[in-house]
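S.K.: quick one: sequence plus predicted model below, questions after.
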Amino acid sequence: MNSHQNDLIKKIVIPYDFSETADLSLEQAIFMAKLLQAEITLLHIVETVSFTTAISQAFSGFEKKIETATNEKLEQLAREIHMKSGVVLKIRTEVGRIYKKICAVAKEIDADIILMGTHGTSGYQKFSVGTNTSRVVQEAHCPVLSVQTHAKGLGFKNIVIPIDDTSESRQKVPFAIGVARFYGAHIHIVGLINFSGADLIRKFKIKVEQVEEYVVQHELSYDTTYMEGNDLAGMTMKAAENVNADLLVIMTEQEPSITGFLLGTYATKVVNSAKVPVLSIHPAEVDPDKITVSF
């Protein structure tokens, strides 16, 4: 493995709220950090809301006390984990909007990946935390690995890589293959066909064959299936279910022709509804026609 692959993930950010899902995310991160010799930043955020200035000043002292108490808890947790696993953990407590702070801290420390849970421990938290995860997936500068409450097991052995006909779809392949090599995973390539016409389908299958060639070059085992339909998110999750996958790798924007709110609909549906961890990757901010991603 070359040095570039060894440097695939060196800094992991974990938003940590002391919930069951946060603990599952942390376990997954510790496993990843040991495997890739990476460091973890354990990030707790004290959520703020907009107050008038007078009320805000009254709350600032209270927030400081919460911050201090939280840091003590995080420091204790970091010490325990380091003694058990040898993994280095840095800790941070920030005050602000959760998703904005997660993205800001990840960018500030130049994180390679954010690993976070999609659900908290109670009904209202499920909506709140799930919403934050979706926002982080769409706005973070780096890949985001989201872990569900019901996710079981550490590491990834069956990775689903869905490929659609958008120009960005194959951009996720190099990062996904880098992760797969570290975990010794089997790749399930899934061609998603939401269009018709023999010529278009033939051209699309050539693109999928290029992905197969890339996987073979990196000495990983794989299989390929095709699914037809209009619901890209539904087909993606069905594909993961069919092969008992333990990781789904998606792009955050599957519909580049649609602007505004709908741009991240595919990723939001998959992140919030998939029953397995989801690795979300942003398209490169370059001319799509000039993207070759090594194949």
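M.R.: Everything's here; your move.

S.K.: can we go C-alpha only for contacts and neighbour counts from here?
M.R.: Fine.

S.K.: where are the low-confidence patches of the stretch 1-150 of the chain?
M.R.: 1-6, 49-63, 119-130, 150 (pLDDT under 70).

S.K.: and the pLDDT for I258?
M.R.: pLDDT, I258: 42.

S.K.: I meant I291, not that one.
M.R.: Confidence score, pLDDT, at I291: 37.

S.K.: shift numbering so it begins at 40
M.R.: Sure, I'll start counting at 40 from here, so that last one is I330.

S.K.: so how far is A278 from F70?
M.R.: Distance, F70 to A278, using Cα to Cα, to the nearest Å: 26 Å.

S.K.: oh, that last question was meant for T132, not what I typed.
M.R.: Taken as Cα to Cα, the span from T132 to A278 is 38 Å.

S.K.: neighbour-wise, which of these two wins?
M.R.: A278 (24 against 19; other Cα atoms under 10 Å).

S.K.: pull the contacting residues for the more buried one.
M.R.: For A278, the contact set (Cα atoms under 8 Å, 6 or more residues apart in numbering) comprises V199, V229.

S.K.: from the contact counts, what lies against whichever strand or helix holds K73?
M.R.: Counting by DSSP states H and E, the element that carries K73 is helix 59-75. When contacts are defined as 3 or more Cα pairs under 8 Å, 6 or more residues apart in numbering; DSSP states H and E, helix 59-75 packs onto strand 50-54, strand 78-86, strand 152-156, strand 183-186.

S.K.: let's have the ones you listed in CSV, adding distance to P201 and mean neighbour count.
M.R.: Below are the helices and strands packed on helix 59-75 laid out as CSV (distance: least, Cα to Cα, whole Å; neighbours: other Cα atoms under 10 Å):
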stretch, distance to P201, mean neighbour count
strand 50-54, 25, 24
strand 78-86, 29, 20
strand 152-156, 20, 27
strand 183-186, 16, 27
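
S.K.: out of those, which is closest to V127?
M.R.: strand 78-86 (5.3 Å; Cα to Cα).

S.K.: okay, now the domains of the protein?
M.R.: Per automatic domain parsing, the domain ranges recorded for the chain read 42-186, 197-329.

S.K.: in the helix holding K73, which residues are buried?
M.R.: 59-72, 75 (16 or more other Cα atoms under 10 Å).

S.K.: strands of the stretch 140-289 of the chain, residue ranges please.
M.R.: 152-156, 183-186, 197-202, 225-232, 261-267, 286-290 (DSSP state E, counting those that start in this stretch).

S.K.: so can I have TSV of the ones you listed showing distance to L47?
M.R.: Converted to TSV, these look like this (distance: least, Cα to Cα, whole Å):
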stretch	distance to L47
strand 152-156	9
strand 183-186	14
strand 197-202	17
strand 225-232	18
strand 261-267	21
strand 286-290	15
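
S.K.: just so I know, which of these lies nearest I137?
M.R.: Closest among the strands of the stretch 140-289 of the chain, once you apply Cα to Cα, is strand 152-156, at 11.9 Å.

S.K.: strand partners (parallel or antiparallel) of the closest one?
M.R.: Strand 152-156 has the following strand partners under DSSP bridges: strand 50-54 (parallel), strand 183-186 (parallel).

S.K.: now that strand against strand 78-86, angle please.
M.R.: For strand 152-156 against strand 78-86, the angle by axes from the mean of the first three to the mean of the last three Cα atoms, to 10 degrees is 50 degrees.

S.K.: ok, and what's touching strand 152-156?
M.R.: Here strand 152-156 has contacts from 48, 50-55, 60-61, 63-65, 68, 145, 168, 172, 181-188, using Cα under 8 Å, 6+ apart.

S.K.: same thing but 7 Å
M.R.: For strand 152-156, contacts defined as Cα atoms under 7 Å, 6 or more residues apart in numbering pick out 48, 50-54, 60-61, 64, 68, 181-187.

S.K.: stretch 53-69 now?
M.R.: Contacts for stretch 53-69 (Cα under 7 Å, 6+ apart): 80-83, 126, 141, 153-156, 158-160, 186-188, 193-194.

S.K.: picking up where we left off before, distance to K211 added to the helices and strands packed on helix 59-75, as a markdown table?
M.R.: Shown next, in a markdown table, are the helices and strands packed on helix 59-75 (distance: least, Cα to Cα, whole Å):
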| stretch | distance to K211 |
| --- | --- |
| strand 50-54 | 19 |
| strand 78-86 | 23 |
| strand 152-156 | 14 |
| strand 183-186 | 12 |
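
S.K.: these: which one's closest to I198?
M.R.: Among the helices and strands packed on helix 59-75, strand 183-186 sits nearest to I198 (Cα to Cα), with 13.0 Å.
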